[in-house]
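Engineer: build the 3D model from these lines:
(one chain, ligands or ions: 1)
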Amino acid sequence: MAQYPTLKDVQSLTIHPIPHVALPAPHDKFCLSPMLSTDVRGAGRVLMMDSVASTSGQADTGEEVQQFVEQSMMAEEVLLELTVIRSLRTLGDAVPDFIGFFELRKMRPRAWSKARPSDPPVSRDGAHWTMSCFIDPAFGGTGLMTIAGQEYMKLCPYIHDRPGIVFAGYEQGNAPSRRLQARLGFRPIGKWYNARIGKTLVDTVWEGAGRVDTQTKLYERLQDMTEEDFGEEKREDEEHASKKR
Ligand SMILES: CC(C)(COP(=O)(O)OP(=O)(O)OC[C@H]1O[C@@H](n2cnc3c(N)ncnc32)[C@H](O)[C@@H]1OP(=O)(O)O)[C@@H](O)C(=O)NCCC(=O)NCCS
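Structural biologist: This next block holds a predicted model:
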């Protein structure tokens, strides 16, 4: 049987006023904590902001937000329940704040639909986890999401000896998401056109557990990305970095 981490396994967990793990400096005023039923309002507020709604693909009606919150509260769907970024000072409030979200959810990556019955599973129990995240833009651009993502993944021992078990992706052109994923150790492995939403999506795989050999895994049937595909992104990153210097 798979042993996924539970809150009880997290050494640094503080139980009161609600379970949480404080983030390291310079973001030590914030923490990771489980989704609460009171988050419907906070999560909805952030998810419905134009800049988030246009990219996250998470939810856009009240009912979908409700469903999203409920799914995040179900431990068997989520690798580790510490999915919500909050300020430590609001943890005792009747409705603690909701700043951002970082989660590994059990989901079939697109590559899976292309797997042949003879393909070996990427992990012993065949589980695979997809990363998704978003942050209230008022708190974005400070490195908070990077630290929250690094902490979350550190707290999930289950994934650390299973290269290829964690996937993510971004819409081509979503530079903040692409840069965040690169900082967290995700590597682009293929792209595809989603006709339903009319957008090109890039699939990524997490290499924090080791290099993934895309030739021998089921990802091999994804369309490989070429240097040309990355040319524009590289130019954009160089320009972005030189503006910041
Ligand atoms: C994708 C998303 C979560 C990224 O958030 P973000 O605010 O850029 O991420 P961070 O909080 O880590 O901030 C990163 C920025 O802080 C800067 N930064 C400052 N100090 C930093 C530090 N100590 N560590 C890392 N970054 C730091 C980085 O340089 C970076 O800026 P840059 O992208 O201009 O180079 C956010 O844009 C978002 O919610 N988008 C909408 C939803 C979405 O696209 N989700 C992705 C689906 S997976």
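Engineer: closest point of the protein to the ligand, which residue?
Structural biologist: With Cβ to the nearest ligand atom, the shortest gap between the chain and the ligand falls at Gly143, namely 2.5 Å. (Each C-beta comes from the backbone N, C-alpha and C, glycine too.)
Engineer: in contact with that residue: list those residues for me.
Structural biologist: Shown in contact with Gly143 (Cβ atoms under 8 Å, 6 or more residues apart in numbering): 26-27.
Engineer: do you know how far the residue nearest to Ile85 when sequence neighbours are not counted is from Val52?
Structural biologist: Closest residue to Ile85 apart from its sequence neighbours, by Cβ to Cβ, 6 or more residues apart in numbering: Gly100 at 3.9 Å. Between Gly100 and Val52 the computed distance is 10 Å (Cβ to Cβ, to the nearest Å).
Engineer: tell me, what's touching those two both at once?
Structural biologist: With Cβ under 8 Å, 6+ apart, Gly100 and Val52 have common neighbours 46, 134.
Engineer: more neighbours: the two, which one.
Structural biologist: Gly100 (24 against 20; other Cβ atoms under 10 Å).
Engineer: in terms of helices and strands, where is Ala148?
Structural biologist: For Ala148, the enclosing helix or strand under DSSP states H and E is helix 144-154.
Engineer: quick one: the helices in this protein?
Structural biologist: With helices called from DSSP state H, the chain shows them at 39-47, 50-56, 62-72, 144-154, 175-184, 227-244.
Engineer: export the ones you listed to CSV and append columns for mean pLDDT.
Structural biologist: Output for these, formatted as CSV (pLDDT from 0 to 100):
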stretch, mean pLDDT
helix 39-47, 95
helix 50-56, 83
helix 62-72, 91
helix 144-154, 98
helix 175-184, 96
helix 227-244, 75
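Engineer: using CSV, lay out these together with distance to Leu7.
Structural biologist: Converted to CSV, these look like this (distance: least, Cβ to Cβ, whole Å):
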stretch, distance to Leu7
helix 39-47, 17
helix 50-56, 25
helix 62-72, 14
helix 144-154, 13
helix 175-184, 22
helix 227-244, 37
